[in-house]
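> Okay, here's the prediction I keep looking at, along with the sequence it came from:
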Amino acid sequence: MGEERTIRIAQSCAQDPAAAVGELHDGLHRDDASLVLFFCSSEYDRDALAAEIADRFADVPVVGCTTAGEIGPLGCRDHSIAGVSFSAGACTAVVGRLDRLSSFHGADGVAFAQDLLRRLQSLVPDDWHTFALLLVDGLFGHEEQVVHALQQGLGDLPVVGGSAGDCLGFERTDVYWDGRFTPDAAVLALVATPLPFQEFKTQHFAATEERLVVTAADPERRLVHEINGLPAAEEYARLLGVDAAALGPAHFAASPVVVLIDGADYVRSIQRVEPDGGLKFYCAIERGVVLRVAKGVDLVQNLETALERVSAQIGPPQLVLTFDCILRKLEIAQTGLQDAVGEVLLRHNAVGFNTYGEQFCGVHVNQTLTAIALGWDDGPPGTEVTDG
């Protein structure tokens, strides 16, 4: 396995699309490639980038999306393109795209996922194991429905992924499949592999005992109108010990709320206070849900602990496919932790992007890092890392 180097990773900071894709191809090319993933800045000319990718990787399935920041062997960067290639011995993949998400129906998502799974099962040995990667338009606003339906269709297979970004422009986010960038769409890749893998998520927050019961909400618009029978912003502010009129992004980032699902905490981040005193969230929240205020812990140590736990399960990873919330990136920048976080991710061969939302096993979350770590099937001789 060491001779084959079954997974390659690369990153380019070249600004010209042709140069960037050329450097990425130099790092990822292999004659037996079975899948290529890439994550690119939205500041590239997407038509030019798509044409270069289709030309350079003409005989390989290629999946990608635009980002709010890229993660790769050159670090956590902006205005770059990062990617991964798998050998045929490392994976077999089937890929499909869901178009027109604005008219998405759950039953269609279930059938779509089940069809992909049937296709994959006819191609791979019984002793290979499968995970699913989901890339979705980050401005769609209803990722909960999509990831829930896909997870329902796939049963116990873990679905992990991220919502595409556009460098905080919030104008257009695209996924890439079949030679073109597409908005209002999602791409699902089912990846079967003989390599050990582990899905995981981590967030640097711990739930407090402060309970908030949602008593009025509009899930379709991701609005919570009342908490504990009072205007939502007023009650949230009371629990934080601040005036509701003073609430702002710093409070929301430092004190998100979490919901308990199947024994695990999932972060629900607040976007803003509405004029009527309600709270606009980045995730849908229904009436009757019990929330808890969360407080931050050491982000770097939290990330290191999560990756050490994964390494104890599957050995040192040769790749950690990483979907890290843009809110975490902004906090990391504000607190001067870029170098420390970058070193941890680099040491564990992380490749991925900063997202407008994360998906983990049927749930859409915020302020979270979700990931799939892949190990070695006969010990880690060292991953080939190529810098563009």
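Sure, I can see it. Numbering: from 1, shown residues only.
> Show me which residues of stretch 292-310 are buried.
Residues of stretch 292-310 classed as buried: 292, 293, 294, 296, 299, 300, 302, 303, 304, 306, 307, 310 (neighbour count, 16 or more other Cβ atoms under 10 Å). All C-beta atoms are positioned from the backbone trio N, CA, C, and that covers glycine.
> Residue 114 and residue 175, how far apart?
21 Å (Cβ to Cβ, to the nearest Å).
> okay, those two: which has more neighbours?
residue 175 (27 against 15; other Cβ atoms under 10 Å).
> Remind me what the helix or strand hosting residue 134 packs against, helices and strands.
Per DSSP states H and E: residue 134 is located in strand 129-136. If contacts are counted by 3 or more Cβ pairs under 8 Å, 6 or more residues apart in numbering; DSSP states H and E, strand 129-136 sits against strand 62-67, helix 106-121, helix 143-154, strand 159-163, strand 186-193, strand 197-202.
> what does the average pLDDT come to for that strand?
What strand 129-136 shows for mean pLDDT is 98.
> quick one, that strand and helix 143-154 angle?
160 degrees (axes from the mean of the first three to the mean of the last three Cα atoms, to 10 degrees).
> Can you get me the centre-to-centre distance for strand 129-136 and its chain?
Centroid separation for strand 129-136 versus its chain: 10 Å, with Cα atoms, centre = their mean, to the nearest Å.
> which helices and strands does the longest strand along the chain pack with?
The longest strand of the chain (DSSP state E) is strand 205-218. Applying 3+ Cβ pairs under 8 Å, 6+ apart, one finds that strand 205-218 makes contact with strand 223-227, helix 232-240, strand 257-261, strand 264-268, strand 290-296.
> which one of those is the most hemmed in?
Greatest average neighbour count among the helices and strands packed on strand 205-218 goes to strand 223-227 (a mean of 23), per mean count of other Cβ atoms under 10 Å.
> what angle do it and strand 205-218 make?
With the same axes, to 10 degrees defining the directions, strand 223-227 sits at 100 degrees from strand 205-218.
> ok, strand 223-227: who's next to it in the sheet?
For strand 223-227, the paired strands and their directions (DSSP bridges) are strand 205-218 (antiparallel), strand 230-231 (antiparallel), strand 279-281 (antiparallel).
> So for residue 316, which of the ones you listed sits nearest?
Across these, residue 316 has its closest neighbour in strand 205-218 (27.2 Å, Cβ to Cβ).
> which residues touch the closest one?
223-229, 232, 235-236, 239, 256-258, 260, 265, 267, 285-297, 367 (Cβ atoms under 8 Å, 6 or more residues apart in numbering).
> how about a markdown table for the strands paired with strand 223-227, with mean neighbour count and distance to residue 333 added?
Output for the strands paired with strand 223-227, formatted as a markdown table (neighbours: other Cβ atoms under 10 Å; distance: least, Cβ to Cβ, whole Å):
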| stretch | mean neighbour count | distance to residue 333 |
| --- | --- | --- |
| strand 205-218 | 16 | 18 |
| strand 230-231 | 17 | 32 |
| strand 279-281 | 22 | 23 |
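> Domain map for the chain?
7-201+300-387, 205-296 (automatic domain parsing).
> Low-confidence stretches in the stretch 1-150 of the chain?
1-5 (pLDDT under 70).
> where exactly do the helices run in it?
Under the criterion DSSP state H, counting those that start in this stretch, the stretch 1-150 of the chain contains helices at 17-28, 46-56, 106-121, 143-154.
> elements contacting the last one?
The contact analysis (3+ Cβ pairs under 8 Å, 6+ apart) places helix 143-154 against helix 106-121, strand 129-136, strand 159-163, strand 186-193, strand 363-365.
> which of these is buried the deepest?
strand 159-163 (a mean of 29).
> can you count the residues close to residue 103?
Residue 103 has 8 nearby residues by other Cβ under 10 Å.
> cool, residue 334 as well?
A count of nearby residues for residue 334, using other Cβ under 10 Å, gives 10.
> One more: residue 55?
12.
> What distance do you get for it to residue 179?
From residue 55 to residue 179 the distance is 10 Å (Cβ to Cβ).
> Make CSV from the helices and strands packed on helix 143-154 and add distance to residue 62 to it.
Listed next are these as CSV, based on distance: least, Cβ to Cβ, whole Å:
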stretch, distance to residue 62
helix 106-121, 17
strand 129-136, 12
strand 159-163, 16
strand 186-193, 10
strand 363-365, 25
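> Was I right to think residue 317 contacts residue 372?
No: at 9.4 Å, residue 317 does not count as touching residue 372 under the criterion of Cβ atoms under 8 Å.
> Of the two, give the one with the bigger neighbour count.
Remark: of residue 317 and residue 372, residue 317 carries more neighbours, 27 against 24, as counted by other Cβ under 10 Å.
> How about the secondary structure of that one?
Assigned by DSSP: H, G, I helix; E, B strand; the rest coil, the conformation of residue 317 is coil.
> contacting residues for residue 261?
Shown in contact with residue 261 (Cβ under 8 Å, 6+ apart): residue 363.
> Next: residue 342.
Residue 342 sits next to 75, 76 when contact means Cβ under 8 Å, 6+ apart.
> tell me which element it is part of?
Assigned by DSSP H and E, residue 342 belongs to helix 338-347.
> so what secondary structure elements neighbour whichever helix or strand comes after that helix?
Downstream of helix 338-347, the first helix or strand assigned by DSSP H and E is strand 350-355. Where contact means 3+ Cβ pairs under 8 Å, 6+ apart, strand 350-355 is packed against strand 33-41, strand 62-67, strand 70-72, strand 81-87, strand 159-163, strand 319-325, helix 326-334.
> related to what we said a few turns ago, tilt between the longest strand of the chain and strand 257-261?
Calculated by the same axes, to 10 degrees, strand 205-218 forms an angle of 90 degrees with strand 257-261.
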